[in-house]
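Participant: my questions concern the predicted model and sequence given below.
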Amino acid sequence: MGAPVGAGHGLGKVRGNQFARAGFDMAAWALWSLRNGVSLSRALGGTRERVAAGVSLGIEPTIDDLLEQVSLRVGEGYQRVKLKIAPGWDVEPVRAVRAAFPEVPLHVDANGAYSTPDVFQKLDGLGLLMIEQPFAPRAFFAHAELQETLATPICLDESIEEVDDVVTALVLKAGRVLNLKVSRMGGLTPAVRAHDLAVALGVPVWCGGMHEFGIGRAANVALSSLPGFTLPSDVSGSDKYYARDITTEPIVCDAGFVMVPEVSGMGWTPDPSFLEECTIARI
């Protein structure tokens, strides 16, 4: 790994404030890779020329609306569909999607909304890739107890804020898959460390999204090019969320893949005039 790790380790002395730390850390990596004439992906240790993209779908007004969204995204070539679930919107819609799309790689994301295992035991036989974050972020023991009863892998998301959380989760066997998010972990430096640790322990990882604009999404694409990211990541194209992104060129998902830039730096550039147009306040 390149020189910017020093910045990441220095920022690691700050407790919490993950999003602010992530901004500084990502900026350090972007500047270093630009000045050294290498792509951000290569600076991080990436090996892929393109990244498999999955898509995340929210809770819809009706099951028919959900099926329509799944059909649209499958038609666009996304290689995995994630369905958000919550109490009152879980087993029935997931079963409906699985029945309509029996071959589509599918997983569900509870965002920690549950406190009992019943729903997940009902979902266990539906051929899901994973069940993401069933319980609250710090409920490692509850996740471990649930994982012991399920054939479907549990994926931890909100539980993984620090590299130490990776160790805790895997020692306790609280899950078999990890979702690593650059912003939530405080930057690319800790996210790469978490990736390296997971690879050493034989645990698959993927990169989750947090509705980033193009710059944050560019960091996600670069991270997802690392060899341990063996599952489709949430690096859907800019058009999934925004009519116009803040970069001069949008991030494009083509046939289920996002190409990893080979140019030096992040590969996508902010659009200063559009940023100025969107700015409502300065502090």
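Facilitator: Ah, there it is.
Participant: residues contacting residue 238?
Facilitator: 214, 217, 245, 247, 250, 251, 252 (C-beta atoms under 8 Å, 6 or more residues apart in numbering). Where C-beta positions appear, they are placed from N, C-alpha and C, glycine not excepted.
Participant: can I assume the third one is in contact with residue 251?
Facilitator: Yes: with the criterion set as C-beta atoms under 8 Å, residue 245 and residue 251 qualify as a contacting pair; they are 6.9 Å apart.
Participant: list the residues that contact both of the two?
Facilitator: Common contact partners of residue 245 and residue 251 (C-beta under 8 Å, 6+ apart): 214, 238.
Participant: the more surrounded of the two?
Facilitator: Using other C-beta atoms under 10 Å as the criterion, residue 245 and residue 251 rank with residue 251 on top: 26 against 22.
Participant: quick check: the more buried one touching residue 266?
Facilitator: No: the pair residue 251 / residue 266 is not scored as a contact, 10.7 Å apart, by C-beta under 8 Å.
Participant: now the common contact residues for those two.
Facilitator: When C-beta under 8 Å, 6+ apart defines a contact, the residues bordering residue 251 and residue 266 alike are residue 218.
Participant: if we can go back for a sec, mind giving me the ChimeraX command for buried ones among the contacts of residue 238?
Facilitator: The ChimeraX selection below is limited to those of the contacts of residue 238 classed as buried (16 or more other C-beta atoms under 10 Å):
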select :214,217,245,247,250,251
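Participant: show me the contacts for residue 268.
Facilitator: 214, 215, 217, 218, 247, 248, 249, 251, 261.
Participant: what is the nearest of the residues you listed to residue 43?
Facilitator: Nearest to residue 43 out of those is residue 261 (C-beta to C-beta; 11.7 Å).
Participant: and residue 250, what element?
Facilitator: Counting by DSSP states H and E, no helix or strand carries residue 250.
Participant: so it touches residue 236, yeah?
Facilitator: No: using C-beta under 8 Å, residue 250 and residue 236 do not qualify as a contacting pair, with a distance of 11.2 Å.
Participant: tell me where the chain has strands.
Facilitator: Using DSSP state E, the strands of the chain run over 50-52, 55-57, 81-84, 106-109, 131-132, 154-156, 177-180, 205-207, 257-259.
Participant: nearest to residue 31, of these?
Facilitator: Of those, nearest to residue 31 by C-beta to C-beta is strand 205-207, at 21.5 Å.
Participant: from the contact counts, what lies against that closest one?
Facilitator: When contacts are defined as 3 or more C-beta pairs under 8 Å, 6 or more residues apart in numbering; DSSP states H and E, strand 205-207 sits against strand 177-180, helix 188-200, helix 214-224.
Participant: partner strands of the first one and their direction?
Facilitator: So that's strand 177-180. Strand 177-180 pairs in its sheet with strand 154-156 (parallel), strand 205-207 (parallel), by DSSP bridges.
Participant: what would those look like in JSON lines with distance to residue 97, mean pLDDT and mean neighbour count?
Facilitator: Output for those, formatted as JSON lines (distance: least, C-beta to C-beta, whole Å; pLDDT from 0 to 100; neighbours: other C-beta atoms under 10 Å):
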{"stretch": "strand 154-156", "distance to residue 97": "18", "mean pLDDT": "98", "mean neighbour count": "27"}
{"stretch": "strand 205-207", "distance to residue 97": "20", "mean pLDDT": "97", "mean neighbour count": "26"}
